[in-house]
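Colleague: structure for this input, please:
(one chain, ligands or ions: 1)
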Amino acid sequence: MVESGTLNLKKQNPLAAPPSTAAQRGKSGDLNLKKQNLTVAITGASGAGYARKLLRSIPRRKYDVHLVSSEAGRLVYELETGVALSDDLPPEVCTYEETDFAAPLASGSFPCAGMVIVPCTMGALGAIASGLSQNLIHRAADVCLKERRPLILVPRETPLNRIHLANMLKAAEAGAIILPAMPGFYHKPGCVQDLIDFVVARILDQLGVEHNLVAPWRGLESGS
Ligand SMILES: Cc1cc2nc3c(=O)[nH]c(=O)nc-3n(C[C@H](O)[C@H](O)[C@H](O)COP(=O)(O)O)c2cc1C
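Modeller: A predicted model of the protein is given here:
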């Protein structure tokens, strides 16, 4: 005979409210309690700070974050932030090697709310625009396009040659959102972090992720 207390025999209260009632909703009243997957990729363009801030701005209570970085991405990240990417990740970020073609992200059957490549090199842009799928970053992006999921590319290069411009158009025509790392100045940034926040806010807007990084523009009358 099993002594009471040795097993968790706590009875379900039949009168307890069923799931999805107000008592079990989040503060915002959100009914969707199941977390969604989001993919973030870091390639070797300048702008590691954008990736750093994005990884810290995605709410973990709503999203599981899957991160892939290229070798050049890790090099530039360390050069620009002074810390190795592997030592600078917020908790609970799931990381993959760029050579891991067997990763869940490589398949359309893996449910994913979208992908951001930030910063995105001209090389990664070109590979994606051409459907090359040479590494897990390109493949995961290709999957997003074929599954009609949001793919946000944050390219950084200047000046742009004809090939860069043609690849951006090609990727956009295939369904990608081209969101260049081009901060605005009308919110009167006071420091580099303000410029980074501006771009990250635009990325989060595209993903439909709530944030309070930059106040929305309310027109000239508001005095903002
Ligand atoms: C310090 C540094 C900054 C770079 N900045 C850029 C850049 O802004 N845009 C870009 O397209 N490539 C840039 N590159 C070159 C890429 O890192 C290089 O083309 C690399 O092969 C890209 O590989 P990936 O697409 O696999 O990350 C930079 C390289 C270094 C070392």
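Colleague: going by C-alpha atoms from here, please, whenever you check contacts or count neighbours.
Modeller: Noted.
Colleague: please list the residues of this structure that sit near the ligand.
Modeller: In this structure, the chain approaches the ligand at residues 43-46, 70, 72-73, 76, 121-124, 156-157, judged by CA under 6 Å from any ligand atom.
Colleague: which ones are touching residue 168?
Modeller: Contact analysis of residue 168 by CA atoms under 8 Å, 6 or more residues apart in numbering lists 125, 129, 178.
Colleague: cool, and residue 178?
Modeller: Residues near residue 178 by CA under 8 Å, 6+ apart: 152, 153, 154, 155, 168, 171, 172.
Colleague: can you check residue 51 too?
Modeller: 42, 118, 119.
Colleague: same question for the strand or helix carrying it: list its buried residues.
Modeller: Residue 51 belongs to helix 48-57 when elements are defined using DSSP states H and E. Going by neighbour count (16 or more other CA atoms under 10 Å), the buried part of helix 48-57 is 48, 49, 50, 51, 52, 53, 54, 55, 57.
Colleague: look up how far residue 153 lies from residue 77.
Modeller: Separation of residue 77 from residue 153 (CA to CA, to the nearest Å): 17 Å.
Colleague: the helices in the chain, which residues?
Modeller: Taking DSSP state H as the test, the helices found in the chain are 48-57, 71-81, 122-129, 136-146, 162-173, 192-207.
Colleague: and the longest one, what does it pack onto?
Modeller: Applying 3 or more CA pairs under 8 Å, 6 or more residues apart in numbering; DSSP states H and E, we find helix 192-207 packed against helix 48-57.
Colleague: again, but for the fourth one
Modeller: In terms of contact count using 3+ CA pairs under 8 Å, 6+ apart, helix 136-146 is assigned the packing partners strand 63-69, strand 115-120, helix 122-129, strand 151-155.
Colleague: model confidence over that helix, on average?
Modeller: The pLDDT scores in helix 136-146 average 98.
Colleague: mean neighbour count and distance to residue 140 added to the helices and strands packed on helix 136-146, as TSV?
Modeller: As requested, the helices and strands packed on helix 136-146 are arranged in TSV below (neighbours: other CA atoms under 10 Å; distance: least, CA to CA, whole Å):
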stretch	mean neighbour count	distance to residue 140
strand 63-69	21	9
strand 115-120	28	8
helix 122-129	22	10
strand 151-155	26	9
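Colleague: dump these to JSON lines, plus distance to residue 220 and mean pLDDT.
Modeller: Shown next, in JSON lines, are the helices and strands packed on helix 136-146 (distance: least, CA to CA, whole Å; pLDDT from 0 to 100):
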{"stretch": "strand 63-69", "distance to residue 220": "35", "mean pLDDT": "98"}
{"stretch": "strand 115-120", "distance to residue 220": "31", "mean pLDDT": "98"}
{"stretch": "helix 122-129", "distance to residue 220": "37", "mean pLDDT": "98"}
{"stretch": "strand 151-155", "distance to residue 220": "29", "mean pLDDT": "98"}
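Colleague: I'd like those laid out as JSON lines, including distance to residue 86.
Modeller: Shown next, in JSON lines, are those (distance: least, CA to CA, whole Å):
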{"stretch": "strand 63-69", "distance to residue 86": "10"}
{"stretch": "strand 115-120", "distance to residue 86": "16"}
{"stretch": "helix 122-129", "distance to residue 86": "21"}
{"stretch": "strand 151-155", "distance to residue 86": "21"}
